[in-house]
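Engineer: model the following, please.
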Amino acid sequence: MKRRHKLLLGMILVATLATFATSLANAQFTVQPAKVSFANTRVGMSSSSMIITVTNTGSANLIIDSYTVSPSEFQLVEGWSPVTLVPTGQILFGIKFVPDVAQTFTGQLTLNIEGSAPVVVPLTGSSLVSKAVASVTPTSLAFSQPIGTTSPPQTVTIKNVGTAAMKVTAVAYDPPFQVTNFVANTLISPGVSLPLNLIFSAAASGSSTSTNALVISFDVVPPKGVDLSGTATPAQSLVVSAFPILPAAVSSNSYLANLTAAGGTPPYSWALSGASTLPSGLTLSSAGSITGTVTSTVAAGNYPFQVQLTDSTSPVPVTVTTQLTFPVMAPSGAKCSNITRYLPKTSIPVVAVNDLGTGTYLGSEGGLYPNGSNVRPASHDAAGVAIAQGIQPLDANGSPDLINGKMGLISIGMSATFNTWNTFVPDANAEPSRNPHVVFVEGAQPLGSAVDFANPSSPFWNPIFQNFLPNAGLTANQVVAAWIMNVDPRPTGTFPTDMAALQGEYESIAQNLHTKFPNLKLAYFTSKFYDAYSNGVSGSNPEPYAYESGFAVKWAIQDQINGNANLNYDPANGPVMAPWMAWGPYDWTNGLLGRSDGLVWSCHDVTFDGVHPSKTGSEAESNFLLNFLKSDTTATPWFLAH
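Structural biologist: Numbers count the residues shown, from 1 in each chain. Down below sits the predicted model:
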């Protein structure tokens with residue numbers, strides 16, 4: 001019996017080795033590059049991420065069971081496991097270098113692949129301490145100006161109070177604010193100051209009060225921020241009330257801009273003044289619409305022109321002349337002719353959900369909240385405010401720690417959210433009014449769709465706990481709020497059925513957030529921004545799907561407001577199943593046609609595929625989110641310093 005037992009064990013061992021050998025033979029893949037180096041990253045700053053691509057070059061599925069990244073100065077920003085790659089399939093692992101002391105670091109990304117020995121990608125990084133130190137004064141500016149006029153400049157002074165030179169690489173801001181004298185990559189030597197002149201151009205559309213942030217980026221020190229606010233007072237006479245720099249056009253593509261007036265007697269009449277001309281292919285109507293197709297011969301640049309505005313004052317009409325600027329951008333590859341989205345088989349423009357009010361879209365009522373309103377119901381808002389006022393810094397175990405505790409804000413979403421979040425985090429860290437206990441956690445990931453985050457067992461949750469939380473110096477117990485912008489790629493089906501499915505995924509995401517982060521109390525949702533520039537270019541999220549995702553958000557929040565027990569956030573009403581839910585910033589707008597508050601989305605705001613925000617789009621999205629957190633009644637108690 002013993003001999004037979006040994007023989008059987010030997011046969012099993014031989015069979016096992018044979019199977020392992022077969023697996024090794026079938027595991028065919030490439031990992032590129034074979035090593036990654038980061039050079040001269042300053043302590044306290046982050047390098048750009050480097051991408052390591054795993055490609056299945058075999059004929060069978062390739063399974064990556066797990067990965068590790070070490071030491072902690074090398075941080076994963078993209079990639080997940082477990083993951084199965086079909087033949088020719090790829091996965092990207094993004095790594096960035098965040099040194100905490102000045103030295104040379106060595107580390108590795110280790111990939112554990114079925115049928116293969118562990119694959120090790122060496123990582124190296126060199127770091128140094130910046131001797132430049134940036135001082136920015138003041139940290140806030142306020143403007144007040146009659147509509148249609150531009151303020152005198154106010155000055156922000158950047159001074160290098162260190163012992164080595166630094167460059168100001170970029171300044172970011174949004175209309176109606178403008179920096180008038182900045183040159184990119186300006187060198188500032190030790191002891192030298194650089195003044196930035198800011199102006200505020202009061203426009204008639206939107207809120208009478210505008211808030212924004214000026215974010216100043218440097219080559220060797222972290223960004224700095226300045227709070228901006230501007231109040232538009234009533235026009236004192238007939239004026240052109242449009243922002244003096246029009247939305248950007250793209251050569252060889254359609255364009256639309258509607259000029260606006262204030263302070264006179266309508267109707268108004270418009271014309272070009274004197275010898276002024278528009279770029280070739282465009283015309284100005286007497287009603288104030290600039291339309292046409294910018295010809296391919298028009299070079300990228302800024303084109304000044306003058307308009308003449310006449311009102312209907314009797315017996316003598318009033319006429320004014322104003323100079324405006326028309327920016328033209330080079331083509332990005334997106335389908336920039338889709339400047340306006342219309343209802344199917346009609347010439348009726350789609351109306352943003354917040355402008356729709358009690359009107360309907362294919363039978364569904366508009367408004368961000370019930371009854372066509374854009375204002376949270378008073379009782380729901382009061383509950384959110386009470387929750388926000390109870391949020392406080394927490395230690396690693398989730399216990400209050402007012403001195404060293406942290407409050408984590410996490411993002412959830414796909415690649416477009418990931419792009420915006422990567423812009424938002426440095427901007428928000430530079431925000432002078434931010435509560436220093438607030439810490440930002442990456443959760444949004446390329447390819448991480450709503451259906452993935454709706455699944456509590458999805459591998460997309462794994463890097464959050466394995467990498468992103470430790471990268472931020474947090475535990476799951478310290479995350480208190482979430483921002484969610486997530487949809488599914490390449491949707492099928494029709495409205496409202498497909499949006500009912502997305503609504504269910506949003507509700508599951510909220511429930512998962514409650515389960516995985518026990519102290520997460522607030523969840524803010526944003527629907528997808530304008531995606532018509534992707535039609536005919538990318539199959540992901542074509543319009544009207546991106547627009548319709550706003551209804552999925554509305555309905556999910558409405559379910560909670562209506563007392564759905566599966567979304568209960570109040571322990572007095574039974575088991576808590578989800579955080580308190582509300583809209584975050586709503587930024588869908590109908591391309592260049594825009595919406596009532598003047599918001600437009602230019603082709604320049606997206607990358608070549610029309611789906612992902614470009615640098616300007618990411619900055620705009622970042623400011624939408626930052627301004628929301630600085631002003632919403634349920635965010636200011638914990639997000640702002642008090």
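Engineer: just the pLDDT at Ser23, thanks.
Structural biologist: What the model reports for Ser23 is a pLDDT of 38.
Engineer: could I have the CA atoms of stretch 172-185 written out in PDB?
Structural biologist: Below are the C-alpha coordinates for stretch 172-185, written out as PDB (Å, rounded to 0.1, in the frame of the first residue of the first chain):
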ATOM      1  CA  ALA A 172      -5.400  78.900 -14.500                       C
ATOM      2  CA  TYR A 173      -8.600  80.800 -14.200                       C
ATOM      3  CA  ASP A 174     -12.000  81.000 -15.800                       C
ATOM      4  CA  PRO A 175     -14.200  83.800 -17.200                       C
ATOM      5  CA  PRO A 176     -15.300  86.400 -16.100                       C
ATOM      6  CA  PHE A 177     -11.800  86.800 -14.700                       C
ATOM      7  CA  GLN A 178      -8.700  87.200 -16.800                       C
ATOM      8  CA  VAL A 179      -4.900  87.700 -16.200                       C
ATOM      9  CA  THR A 180      -3.700  90.200 -18.700                       C
ATOM     10  CA  ASN A 181       0.100  90.200 -18.400                       C
ATOM     11  CA  PHE A 182       1.300  86.600 -17.900                       C
ATOM     12  CA  VAL A 183       4.000  84.900 -20.000                       C
ATOM     13  CA  ALA A 184       4.400  81.200 -19.500                       C
ATOM     14  CA  ASN A 185       7.600  79.900 -18.000                       C
END
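Engineer: list the buried residues for that stretch?
Structural biologist: For stretch 172-185, the neighbour count (16 or more other C-beta atoms under 10 Å) marks 172-179, 182 as buried. Every residue, glycine included, has its C-beta placed from N, CA and C.
Engineer: show me where this protein has helices.
Structural biologist: Here the chain has its helices, by DSSP state H, at 2-26, 353-356, 378-390, 415-429, 450-453, 462-463, 469-472, 497-516, 545-561, 615-631, 636-639.
Engineer: which of these sits closest to Val537?
Structural biologist: Closest of those to Val537 is helix 545-561, at 13.6 Å (criterion: C-beta to C-beta).
Engineer: so which elements touch the closest one?
Structural biologist: On a contact count with 3 or more C-beta pairs under 8 Å, 6 or more residues apart in numbering; DSSP states H and E, helix 545-561 meets helix 353-356, helix 497-516, strand 522-525, strand 580-583.
Engineer: mean confidence for that helix?
Structural biologist: 97.
Engineer: stretch 482-490 now?
Structural biologist: 92.
Engineer: centre of the chain to that stretch, how far?
Structural biologist: With C-alpha atoms, centre = their mean, to the nearest Å as the basis, stretch 482-490 stands 11 Å off its chain's centre.
Engineer: buried sites along it?
Structural biologist: By 16+ other C-beta under 10 Å, the buried positions in stretch 482-490 come out as 482-489.
Engineer: in strands only, show me the residues you listed.
Structural biologist: Cross-referencing the buried residues of stretch 482-490 against strands under DSSP state E gives 482-485.
Engineer: closest to Thr293 among those residues?
Structural biologist: Distances from Thr293 to those, taken by C-beta to C-beta, are shortest for Met485, at 32.1 Å.
Engineer: across the sheet, point out what pairs with that closest one.
Structural biologist: Beta-bridge partners of Met485, counted by DSSP bridges, are Gly413.
Engineer: likewise Ala523?
Structural biologist: Ala482, Met581.
Engineer: before we move on, the earlier item: between the buried residues of stretch 172-185, which sits nearest Ser217?
Structural biologist: Nearest to Ser217 among those is Ala172, at 7.3 Å by C-beta to C-beta.
Engineer: the closest one and Pro222: what is the separation?
Structural biologist: Counting by C-beta to C-beta, to the nearest Å, the gap between Ala172 and Pro222 amounts to 14 Å.
Engineer: list the contacts for the residue nearest to Val353 when sequence neighbours are not counted?
Structural biologist: When the adjacent residues along the chain are set aside, Val353 lies closest to Gly550, with 4.3 Å between them (C-beta to C-beta, 6 or more residues apart in numbering). Residues counted as contacts of Gly550 (C-beta atoms under 8 Å, 6 or more residues apart in numbering) are 353, 368, 527, 586, 588.
Engineer: so who does the fourth one touch?
Structural biologist: Contacts here follow C-beta under 8 Å, 6+ apart; on that basis Tyr586 touches 352-354, 368, 526-527, 550.
Engineer: ok, those vs Met499, which is closest?
Structural biologist: Using C-beta to C-beta, Gly550 is the member of these that lies nearest Met499, at 8.9 Å.
Engineer: domain parsing of the chain, as residue ranges.
Structural biologist: Split into domains by automatic domain parsing, the chain comes to 27-128, 134-233, 239-329, 382-639.
Engineer: can I get those in CSV including distance to Gly372?
Structural biologist: Putting these into CSV (distance: least, C-beta to C-beta, whole Å) gives the following:
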stretch, distance to Gly372
domain 27-128, 40
domain 134-233, 20
domain 239-329, 25
domain 382-639, 11
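Engineer: winner for burial among those?
Structural biologist: Among the domains of the chain, ranked by average contacts under mean count of other C-beta atoms under 10 Å, first place goes to domain 382-639 (a mean of 20).
Engineer: pick out the residue closest to the middle of this protein.
Structural biologist: Centroid-nearest residue in the chain: Thr420, 2.4 Å away (criterion: C-alpha atoms, centre = their mean).
Engineer: including pLDDT and distance to Glu507, could the buried residues of stretch 172-185 go into a markdown table?
Structural biologist: Below are the buried residues of stretch 172-185 laid out as a markdown table (pLDDT from 0 to 100; distance: C-beta to C-beta, whole Å):
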| residue | pLDDT | distance to Glu507 |
| --- | --- | --- |
| Ala172 | 92 | 35 |
| Tyr173 | 90 | 37 |
| Asp174 | 89 | 33 |
| Pro175 | 89 | 36 |
| Pro176 | 91 | 38 |
| Phe177 | 95 | 38 |
| Gln178 | 95 | 42 |
| Val179 | 97 | 43 |
| Phe182 | 96 | 45 |
